[in-house]
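1. Need a 3D model of the following:
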Amino acid sequence: MKGLKAGPCVTDTMPLRGGVGYSRNIPVQLVQDFGVSEETAKHLARTYGVNAFEVCKLTKPSGKKWPRFGNVLIEGYPYLECEIEYCCKNEMVVTVKDMLTLRTRLAYLNSAAALEAAPKVADLMGKSLGWSKAETKRQLDEALAALTEFGGS
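-> Coordinates of the predicted model:
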């Protein structure tokens with residue numbers, strides 16, 4: 001566009017969502033206050049900043065001695081089932097494909113794990129977003145088709 005000039009940057013001093021009030025002790029607080037694993041606490045703090053506390057408020061008992069709270073989406077990864085609900089309600093996630101590729105990046109880390117997690121993600125998203133069975137199936141099918149394009153494990 002000829003003749004247009006960019007103005008001064010207005011976002012360089014704006015904190016990222018979850019950044020205001022962040023401290024390095026958040027993972028420790030999450031372990032102590034919510035009984036999640038250390039790996040999960042680090043993941044939540046890196047991903048959500050201070051909003052990790054809001055995510056943890058959605059955790060359910062794991063039925064284990066440790067971690068006491070937070071059911072993992074898939075074994076071997078720190079992602080919690082409650083993150084699905086949080087992202088649907090607070091981060092405008094509306095597709096299973098988005099959740100598995102961009103939000104968790106699980107498809108990039110391990111496509112086989114993402115394929116295994118997809119039905120659970122579709123079910124959790126369906127409940128959170130009020131999808132019909134048909135929409136849940138459509139979302140799952142779309143995600144599975146996209147995930148077959150990923151290489152890796």
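
2. so what pLDDT did residue 23 get?
-> We have a pLDDT of 80 for residue 23.

3. so it is in which element?
-> Of the helices and strands defined by DSSP states H and E, none includes residue 23.

4. Check the gap between it and residue 35 for me.
-> 20 Å (CB to CB, to the nearest Å). To be clear about C-beta, it is placed using only N, CA and C from the backbone, and glycine gets the same treatment.

5. which one of these two has more residues nearby?
-> Legend: neighbour count by other CB atoms under 10 Å for residue 23 and residue 35, higher for residue 35 (19 against 11).

6. That one contacts residue 69, doesn't it?
-> Yes: counting by CB atoms under 8 Å, residue 35 touches residue 69, with 4.5 Å between them.

7. so what does the top helix by length along the chain touch, helix or strand wise?
-> Identified as the longest helix of the chain according to DSSP state H is helix 111-129. Contacting helix 111-129 under the criterion 3 or more CB pairs under 8 Å, 6 or more residues apart in numbering; DSSP states H and E are the following elements: helix 81-90, helix 96-98, helix 106-109, helix 133-147.

8. of all these, which gets the most neighbours per residue?
-> helix 96-98 (a mean of 23; mean count of other CB atoms under 10 Å).

9. Give me the distance from that helix to the chain's centre.
-> Taking CA atoms, centre = their mean, to the nearest Å, one finds the center of helix 96-98 at 11 Å from the center of the full chain.

10. Also stretch 77-87?
-> For stretch 77-87, the separation from the chain centroid amounts to 5 Å (computed by CA atoms, centre = their mean).

11. Output that stretch as CSV, nothing but the C-alphas.
-> Only the C-alpha atoms of stretch 77-87 are listed here, as CSV (Å, rounded to 0.1, in the frame of the first residue of the first chain):
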residue,chain,number,x,y,z
TYR,A,77,2.9,-35.8,28.3
PRO,A,78,2.0,-33.1,30.8
TYR,A,79,-1.3,-32.0,29.2
LEU,A,80,-4.3,-32.2,31.5
GLU,A,81,-7.9,-33.0,30.5
CYS,A,82,-9.0,-29.8,32.2
GLU,A,83,-6.9,-27.7,29.8
ILE,A,84,-9.4,-28.6,27.1
GLU,A,85,-12.3,-27.0,29.0
TYR,A,86,-10.2,-24.0,29.9
CYS,A,87,-9.1,-23.4,26.3
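
12. Nothing else from me, thank you.
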